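In: Need the 3D shape of this:
(one chain, ligands or ions: 1)
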Amino acid sequence: MVTRVPGGRAASIMAALVGAVWILSGIVAGAELVAAGHMAAAAATIVAGDAGRHVAALADDAFEGREAGSRGGRAAGAYIMDAIDHLGLEPAGDSGGFYQPFGSMRNILALARGSDPTVADELVIVSAHYDHVGYGNASNSYGPFGFVHNGADDNASGVAGLIEIAEALQALPTRPRRSILLAFWDGEEKGLLGSYHFLRVRPEPLRDYRIVFCINLDMIGRLRGERVEVYGSRTSSGLRALTVAVNNRAGATALELAYDWKIVPDSDHYPFIERQIPTLMFHTGLHDNYHRPSDDVHLVNLAGLEPVARLTFATAIAVADEVAAPRAFREACRRESESSQRLLEAQAAGGKRGRWGIGTRSDAAEPQAPVVVRVSPDSPAARGGLRRGDRIVMIDGTEIVHQDDMVQRLSEAGEQVTMILDRRGRLVQVELNDAK
Ligand SMILES: [Zn+2]
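Out: As a prediction, the model looks like this:
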């Protein structure tokens, strides 16, 4: 039996889930500087209507496809400057301004200084590239060439989300512990030039900062079926658990998180991963209009942009406001791939599965959430609604430490156990009954 039960039970299950979320996200009540209520109010300032205005403006023909270094690209940069200038963020580019020029291109950098002097020199970056491919050519467009490629999804959507996040950040009455840098990269479509440049040549105001985490937004404007692709979750142990916790704080509005282990140099998350910095990227998926003139505003899911930007904001704040230092980079993530993911999540061969009828595998990056790889037919697990691919995170209100711990607790349990599962980024509760 899965969570969505009617009546009074739903409320108590919801309360259990909310409790689970706080435990799983490692947040000790009162230890965070940014209060939950303030967080919710700030996140609520991220709205589809405002984001939509930014997408429409950036994807207007007037910007001629925002090619890096071109007239339209520079005009788009000026638009972003204008949108963030009045927010009161600190300029973090060169010569006291927001721009970090390189060649004929320029990144735009805005800083929100952290409030805890002991960790304020640790930098959490939230980023999106603002350039696109201009009029398109054989090397960067699927055609037809010679027409303005507005790049509404790629990546006016991510930029709009980032502007909204900047506003939400400034709506918080208290800053999180660590500093947050909002970075609008130029030259992504020409080979991740802006992010590479930033990592090579740090602007003066950021010289003494250490980058501890990055979230990149690239193409978040085509949310379909509430499914968001998440890249980079394996760059640090516990990142999946963190995103699940943040994603479920809003309860019923949680998105489906499609964790993808693949790491390829297709966006600005890549240079950070190369530098061994834990990095996430959110993306709502490819489509037929990708790198074509038809990637236009009317096809953008503006209502869908809102929850993705809110998830990004909340994830950045969670990392920036954590008492503990962000976890170390996992070198192994570079060797993991889609096929290692398939191997871990593939169905296990038969054999005895104990009285509950569950087969699991341990995941090196997330040992505290064993993966269900087998549900025996007609077992308590099958009757309880457990599914292959679920990750078991809690049993009877207590977190799992490791697979062995899970096995032991299941063997010692009475006739009934309550489990909280991470099912594609959503927390669900199931009850397993072993009564004969
Ligand atoms: Zn692109």
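
In: What about Arg210, how many residues nearby?
Out: Arg210 has 12 neighbours, counted by other C-beta atoms under 10 Å. Any C-beta I mention is one placed from the backbone N, CA and C, and that applies to glycine too.

In: Helices of the stretch 1-150 of the chain, start to end?
Out: Using DSSP state H, counting those that start in this stretch, the helices of the stretch 1-150 of the chain run over 8-24, 36-43, 48-58, 71-85.

In: State the mean pLDDT of the second one.
Out: Mean pLDDT, helix 36-43: 90.

In: Mark out where each domain of this protein begins and ends.
Out: Under automatic domain parsing, the residue ranges defining each domain of the chain are 36-331, 346-433.

In: what packs against the biggest helix by length in the chain?
Out: Determined from DSSP state H, the single longest helix within the chain is helix 302-321. Applying 3 or more C-beta pairs under 8 Å, 6 or more residues apart in numbering; DSSP states H and E, we find helix 302-321 packed against helix 36-43, helix 48-58, strand 122-129, helix 158-171, strand 179-185, strand 210-217, helix 239-249, strand 279-283.

In: Make a markdown table from those and add distance to Val230 to it.
Out: Converted to a markdown table, the helices and strands packed on helix 302-321 look like this (distance: least, C-beta to C-beta, whole Å):
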| stretch | distance to Val230 |
| --- | --- |
| helix 36-43 | 18 |
| helix 48-58 | 20 |
| strand 122-129 | 15 |
| helix 158-171 | 14 |
| strand 179-185 | 19 |
| strand 210-217 | 10 |
| helix 239-249 | 6 |
| strand 279-283 | 6 |
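
In: Buried residues, the longest helix of the chain. List them.
Out: Going by neighbour count (16 or more other C-beta atoms under 10 Å), the buried part of helix 302-321 is 302, 304-321.

In: With stretch 76-92 instead?
Out: 76-77, 79-81, 83-84, 89, 91-92.

In: so what's the residue most central in space within the chain up against?
Out: Geometric centre of the chain, nearest residue: Phe282, 4.7 Å, by C-alpha atoms, centre = their mean. Counting by C-beta atoms under 8 Å, 6 or more residues apart in numbering, Phe282 touches 215-217, 220, 228-230, 308, 311-312.

In: Hmm, Arg74 and Thr67 touching each other?
Out: Small correction: residue 67 is Glu, not Thr. No: checked against C-beta atoms under 8 Å, the pair Glu67 and Arg74 is beyond contact range at 9.8 Å.

In: Compare the two and say which one has the larger neighbour count.
Out: With neighbours defined as other C-beta under 10 Å, Glu67 and Arg74 compare such that Glu67 has more, 27 against 18.

In: From Met281, how far out is the more buried one?
Out: 23 Å (C-beta to C-beta, to the nearest Å).

In: same deal with Gly354?
Out: 38 Å.

In: Looking at these two, which is more packed in?
Out: Neighbours per residue (other C-beta under 10 Å) separate Gly354 from Met281, with Met281 holding more: 27 against 14.

In: residue contacts, that one?
Out: 215-218, 230-232, 267, 269.

In: switch the cut-off to 7 Å
Out: Going by C-beta atoms under 7 Å, 6 or more residues apart in numbering, Met281 touches 216, 218, 231-232, 267, 269.
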